[in-house]
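Trainee: Sequence and predicted structure are below.
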Amino acid sequence: MQRKRVAILISGRGSNMRALIEAARNPEYPAEIVCVISNRPGAAGLDFAKAAKIATQVVDHKQYSSREDFDAALHQTLVSHNVDLVCCAGFMRVMTPAILDHWRGRMLNIHPSLLPAYKGTHTHERAIADGAKHHGASVHFVTPELDSGPVVAQVGVPVLPGDTAETLAARVLEVEHPLYVKALALVASGTIHMSTSV
Ligand code: GAR
């Protein structure tokens, strides 16, 4: 089996990144993590990646005058690492259609809601405000329309009486990690692919 070469994009804590790195330590896992790229120099996840001896790179969005320039630099970085697949894991940048077209069907994102519900930010606050009984997380292919690409896998959690955005976020995060590990395996093994007609 030829393992797929994967880059992980982060902006912060990187707990999903960590779950993917740990899963990929198993040589049977169909993906290897070849680099971690952050758009924020201080992202905590970079330290874990470095300690795990994974190549890290910062492409600081503040150094670029436009989204297009930032995305072009990000794209070049991905190409320089000879990457097959890209996993956005708490990567808080909206990307332009040019880069997304290039990585079409080869870029995944994890989103903290049961898509198509609660696209965008503040998903836990909005679920609680709506009195939702179920919430969860989704891994989807990234397409130009925000949080709207085809879903690879989802997992639900209950919203419990007295939940705050923090308690609900923690419950969701716990299921995000195994979800992302499973979803990446499904895509890296070729079990699931995005149809070109989407
Ligand atoms: C996760 O909950 C992820 O679903 C969310 O950010 C958190 C990152 O945590 N992503 C988004 O909101 C993307 N729109 P992590 O850095 O510990 O993986």
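Mentor: Yep, that arrived.

Trainee: quick one, phi psi at the closest residue to the ligand within the chain?
Mentor: With CB to the nearest ligand atom, the shortest gap between the chain and the ligand falls at residue 90, namely 2.7 Å. C-beta: built from backbone N, CA, C; applies to glycine. Dihedral pair for residue 90: phi 70, psi 30, per degrees, to the nearest 10.

Trainee: what's near enough to touch residue 155?
Mentor: Counting by CB atoms under 8 Å, 6 or more residues apart in numbering, residue 155 touches 136-137, 175-176, 178-179.

Trainee: ok, and of these, which contact the ligand?
Mentor: 137, 176 (CB under 6 Å from any ligand atom).

Trainee: Can I get the contacts of residue 155 in TSV including distance to residue 148, secondary structure and pLDDT?
Mentor: What follows is those, written out as TSV (distance: CB to CB, whole Å; DSSP: H, G, I helix; E, B strand; the rest coil; pLDDT from 0 to 100):
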residue	distance to residue 148	secondary structure	pLDDT
136	17	strand	98
137	16	strand	98
175	22	helix	98
176	19	helix	98
178	24	helix	98
179	18	helix	98
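
Trainee: residues of the helix or strand of the chain with the lowest mean pLDDT that come out buried?
Mentor: Lowest by mean pLDDT, DSSP states H and E among the helices and strands of the chain is helix 97-102, with a mean of 95. Across helix 97-102, burial judged by 16 or more other CB atoms under 10 Å covers 99-100.

Trainee: helix or strand right after that helix?
Mentor: strand 107-111 (DSSP states H and E).

Trainee: ok, and what's touching that following strand?
Mentor: When contacts are defined by CB under 8 Å, 6+ apart, strand 107-111 is touched by residues 16, 85-91, 100, 119, 123, 137-142, 147, 149, 152, 176, 179-180, 183-184, 187.

Trainee: so the residue nearest to residue 182 when sequence neighbours are not counted, which of the three states?
Mentor: The shortest distance from residue 182 to any non-neighbouring residue, by CB to CB, 6 or more residues apart in numbering, is to residue 153 (5.9 Å). Going by DSSP: H, G, I helix; E, B strand; the rest coil, the secondary structure assigned to residue 153 is strand.

Trainee: Who does residue 153 form a beta bridge with?
Mentor: Going by DSSP bridges, residue 153 is paired in beta bridges with residue 139.

Trainee: who touches it in this structure?
Mentor: Counting by CB under 8 Å, 6+ apart, residue 153 makes contact with 138-139, 179, 182-183, 186.

Trainee: Okay then, goodbye and thanks.
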